[in-house]
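J.: Generate coordinates for the sequence data below:
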Amino acid sequence: MPKLAYFTGSGNKEGNVVGRRSAVFCGLLTVVAVAIVMSITIGSKAVPLADAWHALFSPTGTENDIVIRSLRVPRTTLGVLAGVALGVAGALMQGHTRNPLADPGLLGITQGAAFAMVASIIFLGTTSLYAYIWFGLAGALIASAGVFALGMVGGRGGPTPVTLALAGTAVSAFLYALTSALVLVDEQAMDVFRFWQAGSIAARGADVVWQVVPFILVGLVLAMINAPGLNALSLGEDVARSLGQNIALTRGVGIAAVTLLSGATVAACGSLSFIGLIVPHLARPLSGTDHRWLLPFSGLVGAALLLVADVIGRVVAPPGELEVGVVLALMGAPFFIALVRRRKPVRL
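T.: Presented below is the predicted three-dimensional model:
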C-alpha cells in the first residue's frame, strides 16, 4: 500500500507539471497570434483589423489588400519562421555546448553565410536576392561542417563543447577577416553586406519564404529527434553512454539541426543578433530543463520576440523604420550584460 500511494502521488505530480506546461504553451500560442496580428496591421500605414481580415479572406484589389497580401503577410510569415528557427537553434546550441552564453553564430554560421554571399558578388557577379540566399545557405553549411570537423580533431567520441566553441571562434574570426578584406575592393559587395549585416525581414517576398521553409522544417524535425539525447547529455557524457546514447551521433544530429535552422534564417534575413542567446533563457523558466518542452517553448518565444521587435522598428522612426536586427541588438545588449553579471550562474 505505501508503494501504491507513492506511485499515485508521483503520477499526480507529473500530471500537474504536464498540465501547467500545456497551459503555458497555449498561452505562448496566444501571444504569438497577437504578435502576428500586430505585424499585419501596424506599420507606416496602419490597417484596421476589419480591413486586414477582408484582405486575407475576400480581397478586392484595394490598396490595403495589396499592402497586406504582398508585403506584410510574407514579412510576418518569414518573421515567424525566423523566430522559431533561431529560438530552437539557440536552445540546441546552449544544450550541446553547456554554455549559457552560446548562440548559433558560435558555429561560424553567420560569418560563413556572409563570406559566401560577398564572394558570389565579387567573383560571380551575383545580383539576385534569391541567389544571395542560396550562396549564403551554402556558406553556412560549409562553415559549420568545418567547425564540426575541427572540433573532432584529436578527440574521441566526437567533438566536445570546448572544442566546438574554440573551433567556432577561430573559423568565425578567419571568415570575418576574409569578408572584410573582400568588401573593401567592391562597392556593390559593401552595400549588400552592410544591409545584410543589419538583419531584416522586410522586402522579402513569398518566394524567399518558400525557399527557406524546407530547410527550417527539416531542422525542426531533427531538433525534436535530438531532444531526448540532449536530455541524456545534460547528465554528463559518462551517464549518457551508460544509458545507451551514441554521443557522436547525438551531437551530429544536433549540429545538423542548428546548421539548417540558423543557416537558412541568416541567409534570408541577415544577422539577427542576440535572439538565439536571449530566447532560451526566457523560455527555460516556463518549460523547465527538459528539452522536449524547452525546444518548442523557445520556438514560440523566438517568434513572438522577433515580430514584436519588428513592429517596434516600424513605429519608432517614422516615416522610415529601424531594421529588426538593430532593434534586437538594442534589446539584447542589456540582457546580455545582466546575464554575465548574474551572481548565480545558469546551469545547463
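J.: which stretches of this structure aren't confidently modelled?
T.: 1-14, 154-158, 342-348 (pLDDT under 70).
J.: so which helix or strand takes in the residue nearest the centre of it?
T.: Per Cα atoms, centre = their mean, the C-alpha nearest to the average position across the chain is that of Leu86, at 0.5 Å. Using DSSP states H and E, Leu86 sits within helix 73-97.
J.: Could you identify the helix or strand that succeeds that helix?
T.: Counting by DSSP H and E, the next helix or strand C-terminal to helix 73-97 is helix 109-124.
J.: Show me what that following helix is packed up against.
T.: helix 129-152, helix 161-183, helix 187-198, helix 247-269 (3 or more Cβ pairs under 8 Å, 6 or more residues apart in numbering; DSSP states H and E). Yep, even glycine has a C-beta here, placed from its N, CA and C like the rest.
J.: so it versus helix 73-97, what angle?
T.: 120 degrees (axes from the mean of the first three to the mean of the last three Cα atoms, to 10 degrees).
J.: Sort out which residues of helix 109-124 are buried, please.
T.: Neighbour-count burial for helix 109-124, with 16 or more other Cβ atoms under 10 Å as criterion, is recorded at 109-121.
J.: Mind picking the two most distant members of the residues you listed?
T.: Maximum pairwise distance among the buried residues of helix 109-124 (Cβ to Cβ): 19.3 Å, between Ile109 and Ile121.
J.: so who does Gln211 touch?
T.: Applying Cβ atoms under 8 Å, 6 or more residues apart in numbering, we find Gln211 in contact with 130, 133-134, 268.
J.: Next, give phi and psi for it.
T.: Per-residue torsions, Gln211: phi -70, psi -40 (degrees, to the nearest 10).
J.: How about Gly288?
T.: Dihedral angles (degrees, to the nearest 10) for Gly288: phi 90, psi -170.
J.: Kindly reformat the buried residues of helix 109-124 as TSV containing distance to Leu300.
T.: TSV is the format used below for these (distance: Cβ to Cβ, whole Å):
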residue	distance to Leu300
Ile109	22
Thr110	23
Gln111	28
Gly112	28
Ala113	25
Ala114	28
Phe115	32
Ala116	31
Met117	30
Val118	34
Ala119	36
Ser120	34
Ile121	36
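J.: between these, which is closest to Gly95?
T.: Comparing these against Gly95 with Cβ to Cβ places Ile109 closest, at 16.6 Å.
J.: What sits closest to the closest one if chain neighbours are left out?
T.: In space, and not counting its chain neighbours, Ile109 is closest to Ala140: 4.5 Å by Cβ to Cβ, 6 or more residues apart in numbering.
J.: Does Val47 fall in a helix, a strand, or a coil region?
T.: Val47 falls in the coil class when you classify it by DSSP: H, G, I helix; E, B strand; the rest coil.
J.: Tell me the one among the buried residues of helix 109-124 nearest to Phe274.
T.: Thr110 (11.9 Å).
J.: Assess the claim that the closest one and Val266 are in contact.
T.: Yes. Counting by Cβ atoms under 8 Å, Val266 is a contact partner of Thr110 at 5.3 Å.
J.: Quick check: neighbours shared by these two?
T.: Common contacts of Thr110 and Val266, defined by Cβ under 8 Å, 6+ apart, comprise Ala140.
J.: how many neighbours does Phe25 have?
T.: Neighbour count of Phe25, defined by other Cβ atoms under 10 Å: 16.
J.: how near is it to Ala89?
T.: 19 Å (Cβ to Cβ, to the nearest Å).
J.: Next: Met152.
T.: Here the criterion is Cβ to Cβ. By it, Met152 lies 21 Å from Ala89.
J.: quick one: which of those two has more around it?
T.: When Met152 and Ala89 are compared for neighbours, Ala89 comes out ahead with 37 against 19, by other Cβ under 10 Å.
J.: after the host helix or strand of Val221, next one along is what?
T.: Here Val221, judged by DSSP H and E, is contained in helix 206-233. Following helix 206-233 in sequence order, the next helix or strand is helix 237-242 (DSSP H and E).
J.: Give me the contacts around that following helix.
T.: By Cβ under 8 Å, 6+ apart, helix 237-242 touches 157, 229, 232-233, 247, 250.
J.: Most neighbours among those residues, please name it.
T.: For these, neighbours tallied by other Cβ under 10 Å; top is Leu233, 24 neighbours.
J.: What count of nearby residues applies to the closest residue to Ala202 other than its chain neighbours?
T.: Setting aside the residues directly before and after it, Ala202 is nearest to Arg75 in space (Cβ to Cβ, 6+ apart), at 6.0 Å. Residues lying near Arg75 (other Cβ under 10 Å) number 24.
J.: got the contact list for Arg75?
T.: Listed by Cβ under 8 Å, 6+ apart, the contact set of Arg75 reads 39, 201-202, 204, 310.
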